[in-house]
Every structure is written in C-alpha cells, then in structure tokens.
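Student: sequence first, predicted coordinates after that:
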Amino acid sequence: MLDFLGDLKRTHRCGDLRAADAGTDVVLMGWVHRRRDHGQVIFIDLRDRAGLAQIVFNRDSAPQAHAKAEELRTEFVAAIEGKVIRREKPNADLPTGEVEVLATRLHLLNTAKTPPFVVEDDTTAAEETRLRYRYLDLRRPREHRNLKLRHQVILEIRKTLDALGFYEIETPMLTRSTPEGARDYLVPSRIYPGQFYALPQSPQIFKQILMIGGLDRYFQIVRCFRDEDLRADRQPEFTQLDLEMSFVRPDDVFDVIERAMQAAFAVIGVKIARPFRHMLYKDAIRRYGSDKPDLRFGMELSDFTTHFEPARATFGFEGSIFGLVAPGAAAWSRKQLDEMTERGKAAGARGVYTVKVTAEGNSSPLEKTLGAEGVKKLVEAAGAKPGDMIVAASAREQIKGTEAAALVAGQLRLFLADKLSLVPKDRWELLWLTGFPLFEWSETDKQWVSAQHPFTGIVEEDLDKLESAPWEVRSKGYDLVLNGTELGSGSVRIHRQDIQARLFRALGLTDEQAKQRFGFFLEALSYGTPPHGGIALGLDRVVMLLAGEKSLREVIAFPKTAKAQDLMAESPSSVPPEQLDDLGIVLKPRE
Ligand code: ASP
C-alpha cells in the first residue's frame, strides 16, 4: 500500500546527519539503497543527493513501521520519521557513520522495478545500459558530485565575469550557418518550405555584432552544435563559455580568462598562478611536436636531421628527423619497442629509430648506417646518459609549413611519458599558444582554408602576404591548453570591412558568394565596428578535467553516445509522415 506525502515535510537530507544531530526528531526522504533484515531489527540505508543514512526499524519499539519495512526493496522511495541516535559501532567510512535514525513511522511513497544495475559508484554495468537508464545512473554519488561541481564552476565563472563588467546575453539557437569548420545541424522551416535554420556551431557572428552594438563585454554559457564525424570523446551538442570584449588586445582577454579559470579551480581547492605561460605555435611544434603541448613533464624534442643526413638515401626520408631522450628506457624489451614503433607508424612515421645508451656503450640498429662514430655523436648531441634511450622519427610525408617529423615525435613523446609513468598527478599546466598561421592547406579543397574561422584577426605586418604568401600569414588567434588538452580558442578579430572582404577573397569566395553568405555581417562591419576580440572555452572539458574524469559523458547530465545517439530518449528517431508532409520533406531512399 502506497502512502501519500500529505503534509509531511522533510527536515534534513540523509547524508547531512552528524553526531551533533543526536537526539533530534527528523523526517528523511529518499531511496532505499540497501536493506538488511535481521528479524527483530531491519536496517536500511536511505539515500538522497547528500548521501546515505542508516535507519533502524525495531519490532518492539515500532511494530507497524517494522512490518512495513519488510516490504521495502532497493530503489523504493520512502519517508521516515524517527529520532537520531548515536551508533553503538560507528562506521568510519560513512560521513553519517556516527549516527543512525531509530524509525517511528515509515511512509512508502513509491515502489520501483528491480533496477538493471546496482546504483553504486563502482558499477560494472555497461555504459550502454547506464545511458539507457540514465535516471538510475544519475542516482550514483559520482554523477551527483560531478553535476554539483559543474554547477559550482559555472556559478563562479558567472560571478567573476559579472564583477568584471560582462553582461550575459543570449543569442539565437535558430539561426543561419556560422563557419567553425564542422557541418551544421539543420532545422527545416515549416513556414518557408525548402528553407532551413541552422543550429549555431558557435555564437561567433552574433557576439561580434553585440560588440558592434556597443555592448562592450558579453559572455554566455552557451550550447553549440557541430555535426562532426564520430569520435569517442566528442559530443554533437556541447557547452561553451563564450565571450567577447571591445577595444582589447589579446592580453586583456587572457587576463579575464585567467581570472575565470582561477575561480573555477578554486572550486576544487586548487590555487593556480597567473599569468599563465605563453608559447609560440612554431615553438610548441618544434619543442613538443604538438599544438597542445603537455607541459607536466619534460622530454623536449630535438632536431636530429643533420645526424641522420648520411642515412637519407638508405632510409628514404624527405624532411627532417625529430627525436627525444627517454629516461630509463634503455632496458626496454623487443615487445615494448615494437609497440612504440606501431604507435609511431599510426602517427605517420616512415621510420622510428632507437639508440639504447648503457654503461657498456651504445647499442643501436643505426650503427649499420651511421657507423659507431655517428651514433656516438648523436648520443652526445642529445645529452643521453646510461640508462636512457634515444627515440627519433621521420615522417611519411612533408606537409608544407609544418614539421611533420616533429608531430610524429610528439606522439611518441606522449606514448613514452605514459609508459614511463612520467606524468605527475595533480599538476595543472595552463598555457597560452599564440602565433598561429592564419591558413592551412586543404587537400580536399585544394586551397587555403581558415585554420580557425574566417573572422580571426591578421597580424598587421603580414597583411601584405595575404594574397602572395598566405602560408606565412600569422593570425591574432590564441589557444588555451591545459595538460595537453585544448580548452578552447579565440582571437582578436578583423574589425574592418575592407580587410574582412579581402580575406573572403583569399579564401576563394567571390564577392557575390561572400555577400550571399555573410552579407549582413559585412554590412554591419561597415557601421563603425570597434576593435574587439574574444574566446570560447569548452566548458564540458574544463569540468571533466577538474572532476578528474576521462569522459565528457560523466559531466553532462544527458550525454549522447560516441555514436551521437541518446539511448534513453531514443534520438535521433524517425517522425510520422504527417510531420514530414508539413515541412514539405520527401525522404530519398538511401543507396
Ligand atoms: N567561435 C570560436 C569557437 O567556437 C571561439 C572564438 O573565436 O571566440 O571556437
């Protein structure tokens, strides 16, 4: 028999009870986490958002409640009236472990079907099952912790930005395509058959227009949508901390973000130092083989090309050779070396070369091509010591303007750091990367495309090269990197209509095409646009790292799977034919 809540009022949360509450009459409400029936006494652990409390039903002191407690099963919803008493045997593992509640009355508020998995942090349930029954999964303390952290981080960021004079302003969800390098999610218009809204990949154009509108400082915690190819840790909809400021240089944006990040880290009790480090993109590539270098450990790369020159014909490499010294890896087995080579090949290596340095001397397959003397010189140049191993790589192909071998060596650096346990825990390395090229070459389009988006500002001295040497043009863009993960990017923008129009031309758009796609924006730019700049950070990613989680799905209440599906709501889904009719849509059979 189920009870109604009536005028019963909860007095405490289960997980909040402490020794100081002993003697208090309480009303608790929550879910039955566990039930232990000892005949005369029944124990239940009652669970709510705050944690667990132990409830005792005694047949002698409360026979009715005891009889009812026999009906309780896991995940039933109950309200308990009783008195907090000290436990005879405290449980040090539970925050409420010093007390228990001696029940006088039990109200059964709801029953539950037998859950497909136990609501516990270390559940062994498959992720598919967890996501299908997300409401049960969400009951786990870990999800509560993560969503609470997310709430607190957002709150602290909001407070910080408010104090710095930012307004939080919403921008439309039904809009038109904004180029951020992904496909749009389209929404068909019923009123204008054949026409579509696009869900925003970012509020980029709108936030710039807010600056043209004189709002001066804008931010938004905003959902963005990108229909990208499936990848394990990518969500089709995700949340950004998006902001834009007028009359600024990059440092002004850095300062704001550094304060916001400081506030976010304070939530987990970590004090991060300001200002963050800075690095030029080209140095990041040459020193770490990455545009998002992980600075929690060393193993910087070196350019070994000159040492390998005598082997160029034998090894058949074209560009350069980059490598590093892996401390303590001289004892690596054949199997470990093979695994490393595999990883290098997957990252685009033509060859992966090693020298093991021991007290007895060097040992390396390179001796055949470089000679013992050549290997010795390499060891000296690299500064390798007995016990170390030199690892170097050439790349399968040279890509214009980038150090392909450095990128391969950068992947090996990450592999080695992991295998050699060189990545310290609880270290936070934040870094601003600047000096990015404005363009990158697209093999598919056979032309230069924007490396970021086409509103990114251009370093003034490089403007002349826009048409003649686009690969040399540097942007006013920057990235924020944390422990080898890109948190987001931004830039000081193009604020002049003439330069924006020139850039569209450099991207191969005719004036007609530019007008068709961005006409309203070009028009807006010509009405007194202030210099402005901004940034967007992936908020899900920030929270994931702060929570120490490895998957974005752990910090999003209702995430999509790696296959872009919502298993609980079963979306995407087909729609009734009438709905398609309304929209004037006829589905083509898929070949
Ligand atoms: N709109 C950019 C992005 O979403 C960020 C920015 O340039 O502010 O990546």
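Tutor: Sure thing, it's come through. Numbering: from 1, shown residues only.

Student: which residues touch the closest residue to the ligand within the stretch 301-450 of the chain?
Tutor: As assessed by CB to the nearest ligand atom, the ligand sits closest to S450 within the stretch 301-450 of the chain, at 10.9 Å. Every residue, glycine included, has its C-beta placed from N, CA and C. With contacts defined as CB atoms under 8 Å, 6 or more residues apart in numbering, the neighbours of S450 are P179, G181, L438, F439, E440, T456, L507.

Student: by neighbours, which of the residues you listed wins?
Tutor: In terms of neighbours by other CB atoms under 10 Å, the contacts of S450 top out with L438 at 27 neighbours.

Student: quick revisit: among the contacts of S450, which lie within strands?
Tutor: If you go by DSSP state E, the contacts of S450 have F439, E440 in strands.

Student: turn the contacts of S450 into CSV, columns for pLDDT.
Tutor: Shown next, in CSV, are those (pLDDT from 0 to 100):
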residue, pLDDT
P179, 76
G181, 82
L438, 95
F439, 93
E440, 89
T456, 97
L507, 92
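
Student: tabulate the contacts of S450 (TSV), appending distance to the ligand.
Tutor: Formatted as TSV, the contacts of S450 follow (distance: CB to the nearest ligand atom, whole Å):
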residue	distance to the ligand
P179	10
G181	9
L438	13
F439	16
E440	15
T456	7
L507	16
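
Student: sorry, back to before: separation between the residue of the stretch 301-450 of the chain closest to the ligand and F504?
Tutor: Here the criterion is CB to CB, to the nearest Å. By it, S450 lies 10 Å from F504.

Student: low-scoring stretches of the protein, by residue?
Tutor: Where the chain drops to pLDDT under 70, the residues are 398-402.

Student: residue contacts, the residue nearest to A232 when sequence neighbours are not counted?
Tutor: Nearest non-adjacent residue to A232, counting by CB to CB, 6 or more residues apart in numbering: A562, 5.0 Å away. Counting by CB under 8 Å, 6+ apart, A562 makes contact with L230, R231, A232, D233, R234.

Student: any idea how far the helix or strand where R130 lies is from the chain center?
Tutor: Using DSSP states H and E, R130 maps to helix 127-132. Its chain's C-alpha centre and that of helix 127-132 lie 20 Å apart, by CA atoms, centre = their mean, to the nearest Å.

Student: pull out the buried residues from it.
Tutor: Buried residues in helix 127-132, counting neighbours by 16 or more other CB atoms under 10 Å, are found at R130, L131, R132.

Student: ok, so of the residues you listed, who is nearest L164?
Tutor: Within the buried residues of helix 127-132, the smallest distance to L164 is 37.8 Å, found for L131 (CB to CB).

Student: what about the nearest residue to that closest one once chain neighbours are set aside, how many neighbours?
Tutor: Nearest non-adjacent residue to L131, counting by CB to CB, 6+ apart: L567, 4.5 Å away. Residues lying near L567 (other CB under 10 Å) number 18.

Student: and if you look at the one 4 residues further on?
Tutor: Neighbour count of S571, defined by other CB under 10 Å: 10.

Student: what about F43, which helix or strand?
Tutor: Under the criterion of DSSP H and E, F43 resides in strand 41-48.

Student: what residues does the following helix or strand past that strand touch?
Tutor: Proceeding N to C from strand 41-48, the next assigned helix or strand is strand 51-58, under DSSP H and E. In this structure, residues lying in contact with strand 51-58 by CB under 8 Å, 6+ apart are 13-17, 28, 30, 33, 40-46, 65-66, 69, 80, 82, 87, 91, 94-96, 99-103, 106, 141.

Student: so what are the sheet partners of strand 51-58 and their directions?
Tutor: strand 41-48 (antiparallel), strand 99-110 (parallel) (DSSP bridges).

Student: which positions in the shortest one come out as buried?
Tutor: Of the residues in strand 41-48, those buried under the neighbour-count criterion (16+ other CB under 10 Å) are I42, I44, D45, L46, R47, D48.

Student: closest to the ligand among these?
Tutor: Comparing these against the ligand with CB to the nearest ligand atom picks out D48 as the nearest, at 37.9 Å.

Student: ok, the residue in the stretch 201-350 of the chain positioned nearest to the ligand to G519 distance?
Tutor: In the stretch 201-350 of the chain, the residue that lies nearest the ligand is S202 (3.4 Å; CB to the nearest ligand atom). Going from S202 to G519 by CB to CB gives 20 Å.

Student: more crowded one of these two?
Tutor: Higher neighbour count among S202 and G519: S202, with 20 against 11, using other CB under 10 Å.
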